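*Asks:* can't give you the sequence, but here's the structure:
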């Protein structure tokens, strides 16, 4: 057997297992290895694509292609600028830029250099990197990889990873839209009614407002705040139920969503207290004693349930679930537990409708003047 034949056979044998089979290197960062926030972990799709690309680039036999085999030079431009694998139809383009100087890479990124066309030989269209004056700086060389079982498997895996990466990107975009929609829904149900109420309160505070107009404005503001308070209460209830479901099992928890619901409830507790206090002021101005009492009774019930009532079939209240899942640090250790201890007696005091003794404290001269 000739030496050339042996070398060719050896090349084929070495390239039938292009996919790396040695040391596993999937989890690389501390977050990958020990963290719980999935979104903070590495981009596993790109990591694997890079491994496969390196395996093909370093091990597979190639043949230099003197001409661009497809019409759209924009595809090559995309590979050069993004420096990642591009799949176009049945063609894969794998970047091989290890020897590209950093200054050229930087100028490409900044848009000073770009990819253009060149015909160094009649009939051969090549891609080149040109400077701002259009002068050729570097040639872009295409090397076609010889297909064998190893490169075929790696190519298929790259294509699969690219597809999954695109699906993940679409799902991530949907998640972002959902998060945006949730924020917009909260704005619509909570913030907008409050802003409407604020407008009517400001109108009622106007010096040119008659008593009849003032009463009408305050009634409108009160109605808007009632809608806002009801929305906050239902938000708190829904968030608590979702938190109970997400924390039902100790493993495979969605830490990001748990943190989000805790944030909603923490914010809604403050908003509810502020809104109820403001609405009771409006009802006092309107002389609606019964309405103010109804508002206070409901606020006391909602808050009492939040700190003491078990959620669904869980043996914990919403506040206890937050305490169990809150990301404490040295500055805020056990703050939710302490809050529960502080709030419960204050809620009990709200049940007292009036005081037994009232004292007016004043400061006077010694002679009583």
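*Replies:* All right, it came through fine. Bear in mind that the values here come from a model prediction, so they are computed numbers and not experimental data.
*Asks:* residue boundaries of the helices in the stretch 151-300 of the chain?
*Replies:* 192-204, 211-246, 255-285, 289-308 (DSSP state H, counting those that start in this stretch).
*Asks:* Residues touching the shortest one, excluding its own?
*Replies:* The set of residues external to helix 192-204 that reach it, using Cβ atoms under 8 Å, 6 or more residues apart in numbering, is 209, 213-214, 217-218, 220-222, 224-225, 227-228, 231, 275, 278, 282. Glycine gets a C-beta too; all of them are placed from N, C-alpha and C.
*Asks:* After the helix or strand bottoming out on mean pLDDT in the chain, heading C-terminal, what element do we hit next?
*Replies:* When each helix and strand of the chain is scored by mean pLDDT, DSSP states H and E, helix 3-14 comes last, with a mean of 43. As assigned by DSSP states H and E, the chain's next helix or strand after helix 3-14 is helix 30-34.
*Asks:* Quick check: phi and psi on residue 130?
*Replies:* Residue 130 adopts backbone torsions of phi -120, psi 150, taken as degrees, to the nearest 10.
*Asks:* Residue ranges in the stretch 201-350 of the chain under the pLDDT threshold?
*Replies:* 349-350 (pLDDT under 70).
*Asks:* can you rerun that using 50?
*Replies:* Along the stretch 201-350 of the chain, no part satisfies pLDDT under 50.
*Asks:* Now do the SS call for residue 311.
*Replies:* Per DSSP: H, G, I helix; E, B strand; the rest coil, the local secondary structure of residue 311 is coil.
*Asks:* Count the neighbours of it for me.
*Replies:* 19 (other Cβ atoms under 10 Å).
*Asks:* same check, this time on residue 285
*Replies:* 16.
*Asks:* Kindly confirm whether my reading is correct that residue 232 touches residue 274.
*Replies:* No - using Cβ atoms under 8 Å, residue 232 makes no contact with residue 274, being 9.5 Å away.
*Asks:* Can you pick out the residue with more neighbours from the two?
*Replies:* Each of residue 232 and residue 274 has its neighbours counted (other Cβ under 10 Å); residue 232 has more, 26 against 13.
*Asks:* residues contacting the closest residue to that one other than its chain neighbours?
*Replies:* Spatial nearest neighbour of residue 232, excluding adjacent residues (Cβ to Cβ, 6 or more residues apart in numbering): residue 272 at 4.5 Å. By Cβ under 8 Å, 6+ apart, residue 272 lies in contact with 229, 232, 233, 236, 299, 302, 303.
*Asks:* For the third one, which non-adjacent residue is closest in space?
*Replies:* When the adjacent residues along the chain are set aside, residue 233 lies closest to residue 302, with 5.5 Å between them (Cβ to Cβ, 6+ apart).
*Asks:* May I have the residues that are in contact with the one you found?
*Replies:* Contacts for residue 302 (Cβ under 8 Å, 6+ apart) come out as 233, 236, 272.
*Asks:* could you measure it against residue 214, distance?
*Replies:* Distance, residue 302 to residue 214, using Cβ to Cβ, to the nearest Å: 30 Å.
*Asks:* what about residue 129, which helix or strand?
*Replies:* Short version, using DSSP H and E: residue 129 is in strand 124-130.
*Asks:* my read: residue 291 touches residue 281, true?
*Replies:* No - the criterion here is Cβ under 8 Å, and residue 291 misses it with residue 281 at 11.8 Å.
*Asks:* how far away is residue 241 from residue 318?
*Replies:* Taken as Cβ to Cβ, the span from residue 241 to residue 318 is 9 Å.
*Asks:* Neighbour count for those two, which is higher?
*Replies:* Neighbours per residue (other Cβ under 10 Å) separate residue 241 from residue 318, with residue 318 holding more: 26 against 15.
*Asks:* Next up, the contacts around the more buried one.
*Replies:* Residue 318 is in contact with 236, 240, 243, 244, 265, 305, 306, 307, 309, 311, counting by Cβ under 8 Å, 6+ apart.
*Asks:* change it to 7 Å
*Replies:* By Cβ atoms under 7 Å, 6 or more residues apart in numbering, residue 318 lies in contact with 240, 265, 306, 311.
*Asks:* I am finished for the moment; much appreciated.
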